[in-house]
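Any chance you can model this:
(2 chains, ligands or ions: 1)
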Amino acid sequence: MSVVGELGLSEVGAVGSDALAEILTRTVSNEPVAAYAVAEPLSWDVLQQGGWDMLGVAEEDGGAGASLRDLVELARVWGRAIVPAPLLPTLMAKRWSASARECDGPVTFSVHTRTTGALAVAPFADMPGIEVLHDVSPGGSVGRAVVGHADDYAPSLRIAEVDVLSTWSADAAREMRVVWAAEATGCAARMLDDAVAYAKDRHQFGQPIGRFQAIKHHLANAHIFAEQAETAAILASLEPERAVAASRFAFDASLRVIEIAIQVHGGLGFTWEMGLHMYLRHVGALRELAAGLPE
Amino acid sequence: MSTETETVAARRANFRADAEKWLALNVPDEWRKNRGALDEEQETRIRWEWDRQLHAGGFAGLSLPVEYGGQGLGLREEVLFGELAARAQAPDSLGRIGKILTAPLLIAHGTEQQRATYLPAILSGEQVWCQGFSEPGSGSDLASVACFAQKVDGGYLVRGRKTWTSYSRQAERCLLLVRTDQDAPRYKNLSLLLLDMKAPGVSLSPIRQISGSAHFSETTFDDVFVSDEDRVGADGNGWAMAMAILSSERGAVEAVTRYVEIRADMTLLRDCCARAGEAVDRLQDLELRVELIRWQVSKAVAREEDEERMLGSVMVLKVLWSELWQELTSLAAKLSCSEHRDHWRYQYLESRAATIYSGTSEIQRNIVAERVLGLPK
Ligand SMILES: Cc1cc2nc3c(=O)[nH]c(=O)nc-3n(C[C@H](O)[C@H](O)[C@H](O)COP(=O)(O)OP(=O)(O)OC[C@H]3O[C@@H](n4cnc5c(N)ncnc54)[C@H](O)[C@@H]3O)c2cc1C
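Predicted coordinates for the structure are as follows:
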C-alpha cells in the first residue's frame, strides 16, 4: 500500500499505484511470467479506458496531474509484474507532448542504441498501431517509424530497431530515466519477495533453506540493495541534479537483487520456466534504454 | 629405466614446446575467430571434434596412465596444457564429464574390466558421459537422493528421476548415484552405477535454461537394468564414490578448463574495452584475478603431496573461478561494446549457473569453513 504524503507522494500517486497493482494482480497473478511475458495478457484498450495513459498529464491538459514522484510509485508497481504492455512509454509521451495526447492508441519513442547498423531502438515498437513521438518535448509531433529487427532479449519490453531517433528535451530525458529506474526497482522488490517465499518453502537437509545463515545473509543483503534502490529512485525524482547518478545506482542495485534471487533458487532459478530471468532481462534492457537517453 | 618411463621423461622435457606447436596448428579458426557468434549446434560440433583432435594429437588424458590410453604425465602437465590452450583460445572438451570425473574415478576405484571398457572410449572422444546426481528434492543435500536401484539377479533395476542432467542428450553413459537400501542409515544406503543412457527405460525431457538453450534435462529411469559389473565400489559405498567425483568436479583439472573459458572471455572483454576506451581500472583488476586462478591451480598442484595445505588451496578454486566469471560478464553486459553484445548477454545469463552447479557457492563456503578451517558444524 502506498502512503499519501510519504516523501511527497500525492493522492494521485498513492491511489493510482494501488489501483494499478490490483489490476495487474487480477490480470497475471495466476500465470507464470515466462508465459505471459511473451503473450498479450493485458490489452491496450483496458489501459486506455481506465485513463491510465493520462495519469502523468497536467490537470489543465485533461490529465490526473501525477508528479514525477508519483510516477516513481506507479513504475514500481509496473515493475513488479513486467506485463508486456506499453503503458509507461505512452504515459510519458502524453505527459510531454500535446500531439501524443491526441492519440487514442499507444505511443512510444526511441533512444540511441549501441547495436551496430541501427539508428535507434524503441520499446514496443513492433506493436500494431503504435505511434512514435519524434521529439519528446512540449512541441513534439508523432508519426510512424519503419520497424526493423526485433530484439528478443527482453520479451516484456518488445524493443525493436526503428529508423527514427527521437530528440529529447533535457527534462523529458531526465524524467524518463527516473521512471525506468523506478520500474527496475519494482522488479527488484518482486524478486526479493519471491526469493524470501522460496527460502521458507524449499527444504534441504531437513530444514527450510532460509534457516541457513548463508541464505539469510543473501536475502538480508538483497533487502538492503532493494531498499537502497527504492530510495535512489525517489531521490532521483526529487533532486534533478542527481537523477543520472541515482538512476544508475538503482539499475545496478536492482540487478544485484535479481542475481541473488536466482542464486537462492538454485538450479530452479536457472530455468526458463521459473521466469526469474525475465526480470533480469527486463532490468538489463531498461538499463540499456536509459543509457541511450541524452544525459 | 624402462622404455615407457623414458618416453614419458622425454615428453615431460619437451612438453611445453610440443603442446604450443600442436595447439598453434590445431585450434580451429572457426572457434578462435567467431566464438562469440557460434550457435549451439556449431559449438557442440566443434567441441566434439576437438576431443578427437586432442586424442589424435596425444593430448587426451594427460595425467592418466599410459596403459588406459592416457599420456602417463602428471597434473602439472594438465595444468600447463590448460594454460597453453587458453592462450591459444582452444575450445572446451565436450567429453568433460567422462574425462574429468569418470576417468579418475575408475582409475582410483574401478575394476580392471571397467577401466578397459570405458577409458579408451572416453579418451578418444567417442563416448560422452553425463552425471546423474541431482534430483528435484535433492540438490545441495545430495545424500538424500531417492532414485532407487532395486537388487535383482546379476544387477539392479533403476527407477526414479534425476534432474539438471547436463550433456544427457549426447551422453552414452551416466555416472548415477542411487539409493540401494531403504533401511540403511544415511551415507550407507547409496551406490554408484555406470548406466547406459541408450538402454530401454531411459527417457529425457529437456529443460530450457535462462539463456534459452536446453543444455540439461530431466532424466527418468523406468526399470532400467544395470549389471553388477557396472557398479563402482561396493554396494552401499556410493557416498564415498560420489565424494571422489565431487572432489574432481571442484578440483584443479576442472578449474583449469574453466580458466580456459574465462581467459577467452577476458581477452574478448579487453578488445571490446580497448575499442571504446572504457573501464580501464576494473579491467586491470579482473585481468590480474584471471591469472591468479591459473597460479592458484599451479600452487594447489605443487602441494599435491601435502594434503592439508593442498586442501586449503584447492578448496577455494570453485568459488574463485565461478564468482570471477560472473563479475566479468556483469561488467561486459554494461559496456557499450556493440559488436559482441549478444555474446555478452548470453555469457551474463550463462554465468549465473556457475555459482550453482558443481556445489553452490554457499555449500563451497561451508566446506571451506568446516573442512579447511575446522569450524564447528
Ligand atoms: C547449469 C547447471 C547444470 C547442472 N548440471 C548437473 C548435472 O549434470 N548433473 C547433476 O547431477 N546436477 C547438475 N546440476 C545441479 C546442481 O548440482 C544443483 O543445482 C546444485 O547442487 C544445487 O541444488 P538445488 O538446485 O537443488 O538447490 P538447493 O540445494 O535447493 O539450494 C537452494 C539454495 O539454498 C542454498 N543452500 C542449500 N543448502 C545449504 C546449506 N546447507 N547452507 C547454506 N546454503 C544452502 C544453496 O546454496 C542455494 O543457494 C546442474 C545445475 C545447473 C544450474
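
So which residues on the stretch 1-150 of chain B come close to the ligand?
B:Cys130, B:Gln131, B:Gly132, B:Phe133, B:Ser134, B:Gly139, B:Ser140 (C-beta under 6 Å from any ligand atom). C-beta coordinates here come from the backbone N, C-alpha and C atoms, glycine included.

My reading is that the first one lies in a helix. Confirm?
Right, B:Cys130. No: counting by DSSP: H, G, I helix; E, B strand; the rest coil, B:Cys130 falls outside a helix, being strand.

Give me the pLDDT value at the residue in chain B positioned nearest to the ligand.
When scored by C-beta to the nearest ligand atom, chain B has B:Gly139 as its residue closest to the ligand, at 1.7 Å. The score at B:Gly139 is 98. That number is its pLDDT.

tell me the contacts of A:Gly194?
Rather than Gly, residue A:194 is Asp. Contacts for A:Asp194 were tallied using C-beta atoms under 8 Å, 6 or more residues apart in numbering or on different chains; they are A:Ala261, A:Leu276.

per-domain residue ranges of chain B.
Per automatic domain parsing, the structural domains of chain B span B:3-94, B:129-243, B:250-372.

Of those, which is nearest A:Thr27?
Shortest distance between A:Thr27 and the domains of chain B, using C-beta to C-beta, is found for domain B:129-243: 23.9 Å.

From B:Ser134, how far out is the residue in chain A positioned nearest to the ligand?
The minimum distance from chain A to the ligand, using C-beta to the nearest ligand atom, falls at A:Gly266 (2.3 Å). Distance, A:Gly266 to B:Ser134, using C-beta to C-beta, to the nearest Å: 9 Å.

just A:Ala285 next, same as before
Here A:Ala285 is placed at a distance of 31 Å from B:Ser134 (C-beta to C-beta).

and the stretch 151-295 of chain A, which of its residues are near the ligand?
A:Arg202, A:Gln204, A:Phe205, A:Ile209, A:Phe212, A:Ala214, A:Ile215, A:Gln263, A:Val264, A:Gly266, A:Gly267, A:Phe270.

Tell me if I'm right that the last one and A:Ile262 touch.
Yes: here A:Phe270 lies in contact with A:Ile262, judged by C-beta atoms under 8 Å, at a distance of 6.8 Å.

so what sits against both of these two?
B:Ile210, B:Arg352.

Measure how buried residue 43 is and give me the count.
Since you didn't name a chain, this refers to chain A. The criterion is other C-beta atoms under 10 Å in any protein chain shown. On that basis, A:Ser43 has 11 neighbouring residues.

looking at chain B here, not the other one
For B:Glu43, using other C-beta under 10 Å, the count is 16.

so where's chain B shaky on pLDDT?
Residue ranges of chain B with pLDDT under 70: B:1-2, B:4, B:36.

where exactly do the helices run in it?
In chain B, helices defined by DSSP state H lie at B:3-26, B:29-34, B:40-56, B:75-87, B:96, B:103-109, B:112-123, B:238-249, B:252-276, B:280-302, B:307-314, B:317-334, B:341-351, B:361-367, listed in chain order.

so can I have CSV of these showing distance to A:Val57?
Formatted as CSV, the helices of chain B follow (distance: least, C-beta to C-beta, whole Å):
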stretch, distance to A:Val57
helix B:3-26, 64
helix B:29-34, 50
helix B:40-56, 47
helix B:75-87, 57
helix B:96, 58
helix B:103-109, 68
helix B:112-123, 68
helix B:238-249, 59
helix B:252-276, 39
helix B:280-302, 42
helix B:307-314, 63
helix B:317-334, 34
helix B:341-351, 35
helix B:361-367, 48
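
Which among the ones you listed is found nearest to B:Pro200?
Closest of these to B:Pro200 is helix B:112-123, at 20.2 Å (criterion: C-beta to C-beta).

Please compute how far that closest one lies from its chain's middle.
18 Å (C-alpha atoms, centre = their mean, to the nearest Å).

Name the residues of that helix that are buried.
For helix B:112-123, the neighbour count (16 or more other C-beta atoms under 10 Å in any protein chain shown) marks B:Gln114, B:Arg115, B:Thr117, B:Tyr118, B:Leu119, B:Pro120, B:Ala121, B:Ile122, B:Leu123 as buried.

what's the closest of these to A:Ala58?
The closest of these to A:Ala58 turns out to be B:Ile122 (C-beta to C-beta; 71.5 Å).

now that closest one, nearest residue through space, not along the chain?
Leaving out its chain neighbours, the residue that sits closest to B:Ile122 by C-beta to C-beta, 6 or more residues apart in numbering or on different chains is B:Gly98, at 3.8 Å.

The spatially most central residue of chain A: helix or strand, and which one exactly?
Geometric centre of chain A, nearest residue: A:Glu183, 3.1 Å, by C-alpha atoms, centre = their mean. Using DSSP states H and E, A:Glu183 falls within helix A:170-201.

So what touches whichever helix or strand comes after that helix?
Next helix or strand after helix A:170-201 toward the C-terminus (DSSP H and E): strand A:203-204. With contact meaning C-beta under 8 Å, 6+ apart, strand A:203-204 is reached by A:Ile209, B:Ser138, B:Gly139, B:Ser140, B:Asp141, B:Ser144.

which other helices and strands contact the helix or strand that strand A:203-204 is followed by?
Using DSSP H and E, the helix or strand that directly follows strand A:203-204 along the chain is strand A:207-208. Secondary-structure packing of strand A:207-208 (3 or more C-beta pairs under 8 Å, 6 or more residues apart in numbering or on different chains; DSSP states H and E): helix A:170-201.

buried set for the helix it packs on?
Buried, per 16+ other C-beta under 10 Å, within helix A:170-201: A:172-192, A:194-196, A:198-199.

Run the chain-centre distance for that helix.
The mean C-alpha position of helix A:170-201 is separated from the chain mean by 7 Å, C-alpha atoms, centre = their mean.

Same question for stretch A:12-26.
15 Å.

before we move on, what about stretch B:28-37?
22 Å.

returning to that earlier point: give me the more crowded residue out of A:Ala285 and B:Ser134.
Set A:Ala285 next to B:Ser134 and count neighbours by other C-beta under 10 Å: A:Ala285 wins out with 23 against 20.

Doesn't the more buried one belong to a strand?
No: secondary structure of A:Ala285 (three-state DSSP): helix, not part of a strand.

Pull the contacting residues for it.
When contacts are counted by C-beta under 8 Å, 6+ apart, A:Ala285 touches A:Asp151, A:Tyr153, A:Ala154, A:Leu157, A:Ile159.

excluding its backbone neighbours, what's nearest the last one?
Spelled out, that is A:Ile159. A:Asp151 is the one closest to A:Ile159 (C-beta to C-beta, 6+ apart), at 4.6 Å.

and that neighbour, what does it touch?
Neighbouring residues of A:Asp151 by C-beta under 8 Å, 6+ apart: A:Thr115, A:Val121, A:Ile159, A:Ala160, A:Glu161, A:Ala285.

That concludes my questions; thank you for your assistance.
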